[in-house]
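J.: below is the structure, and that's it, no one-letter string:
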């Protein structure tokens with residue numbers, strides 16, 4: 001505290017008082033402030049005096065500032081003096097000559113009172129100014145500020161989740177697999193690795209696996225903040241000639257009387273398990289609920305040409321639900 005600039009010193013300007021983040025001021029060097037403390041000089045204080053002898057120092061803190069001169073509230077010259085220690089009747093370890101106060105010789109009977117200055121206010125104000133600069137504003141923090149570093153660390157370590165799923169996951173060779181990203185962050189770039197050498201930068205790509213094998217799929221995403229997330233699903237896709245398609249269709253080319261029906265299809269479900277109910281979704285806005293668990297086929301006619309993505313919700317006896325799709329969109333001519 002003794003070596004630090006004072007707000008009363010010549011050359012002081014806003015922001016100089018606090019030394020944050022340096023540690024010259026600590027709990028041992030800072031002194032407390034007590035209001036309304038006062039006493040009188042029991043002996044005169046020479047111009048170059050090294051101690052102040054008073055009637056009693058009991059109302060004053062162990063170290064701090066005193067104001068020597070007329071009593072509080074009375075106009076007149078006064079001197080601000082810092083003392084580093086005290087006895088019952090003496091202030092010692094003096095620092096004198098603060099700018100803005102008059103260093104003088106003081107006769108016995110002069111008042112020594114608590115120094116009422118703007119020092120505490122200025123210290124708080126300057127600390128806030130310096131903390132704001134060092135920590136950084138909430139928005140657009142300066143480079144090197146604590147807030148800027150925290151945002152960079154958040155982007156680096158609190159990575160977004162590159163969640164995804166695919167269907168179907170068990171296929172025959174030369175079957176299309178649809179991948180869908182569920183990343184919730186502000187993603188600006190996607191990079192898919194399908195495990196067979198194929199890649200994509202689309203958000204929700206489709207990939208054709210041509211060879212038998214088991215493939216690990218990876219999704220790497222980058223957000224607008226530069227954060228990166230990677231999700232890996234080991235042995236996620238299985239390709240085998242022996243794989244049974246859960247759902248397929250057969251073109252129903254004729255009706256019961258042998259007449260051509262070009263837009264009618266017979267869908268077949270081969271899902272295994274204790275099935276309780278099937279909910280057919282044909283993709284053209286029409287649906288059908290089939291409660292006969294033994295009936296795993298259905299015929300549907302499309303009124304209009306187009307591309308459709310029929311699917312099936314399979315309800316099991318244990319209340320689980322599974323959704324199955326065709327391996328590729330259905331093109332109706």
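T.: Great, that's in hand. Small disclaimer: the values here were computed from a predicted structure and weren't measured. Numbers count the residues shown, from 1 in each chain.

J.: and the closest residue to residue 83 other than its chain neighbours, which of the three is it?
T.: Of all residues not flanking residue 83 in the chain, residue 91 sits nearest, at 3.8 Å (CB to CB, 6 or more residues apart in numbering). From N, CA and C alone the C-beta is placed, and that goes for glycine too. When classified by DSSP: H, G, I helix; E, B strand; the rest coil, residue 91 comes out as strand.

J.: residue 91: what's it in contact with?
T.: 51-52, 54, 57, 60, 66, 81, 83, 85, 112 (CB atoms under 8 Å, 6 or more residues apart in numbering).

J.: for residue 113, see how far away it is.
T.: Taking CB to CB, to the nearest Å as the measure, residue 91 falls 12 Å from residue 113.

J.: next one: residue 34
T.: 11 Å.

J.: more crowded one of those two?
T.: Using other CB atoms under 10 Å as the criterion, residue 34 and residue 113 rank with residue 113 on top: 22 against 11.

J.: partners of that one in the sheet?
T.: Beta-bridge pairing for residue 113 (DSSP bridges): residue 38, residue 67.

J.: check contacts around it.
T.: Applying CB under 8 Å, 6+ apart to residue 113 gives the contacts 37-39, 66-67, 71-72.

J.: what subset of these is buried?
T.: 37-39, 66-67 (16 or more other CB atoms under 10 Å).

J.: and the furthest pair within those residues?
T.: Of all pairs drawn from those, the greatest distance, 11.4 Å, lies between 39 and 67 (CB to CB).

J.: need the overlap of contacts for the two.
T.: By CB under 8 Å, 6+ apart, the residues touching both residue 39 and residue 67 are 111-113.

J.: name the element the nearest residue to residue 309 once chain neighbours are set aside belongs to?
T.: Spatial nearest neighbour of residue 309, excluding adjacent residues (CB to CB, 6+ apart): residue 283 at 4.8 Å. Using DSSP states H and E, residue 283 sits in no helix or strand.

J.: Three-state assignment for residue 125, please.
T.: Secondary structure, three-state DSSP: residue 125 is helix.

J.: so where is the stretch 201-333 of the chain shaky, pLDDT-wise?
T.: Along the stretch 201-333 of the chain, segments meeting pLDDT under 70 span 243-262, 327-328.

J.: all strands of it, in order?
T.: With DSSP state E, counting those that start in this stretch as the definition, the stretch 201-333 of the chain shows strands at residue ranges 206-209, 213-223, 228-239, 247-251, 264-269, 275-281, 287-290, 297-301, 306-308, 311-316, 321-325, 330-332.

J.: so which of the ones you listed is nearest residue 104?
T.: strand 213-223 (67.3 Å).

J.: care to break the chain down by domain?
T.: According to automatic domain parsing, the chain comprises the domains 164-239, 247-332.
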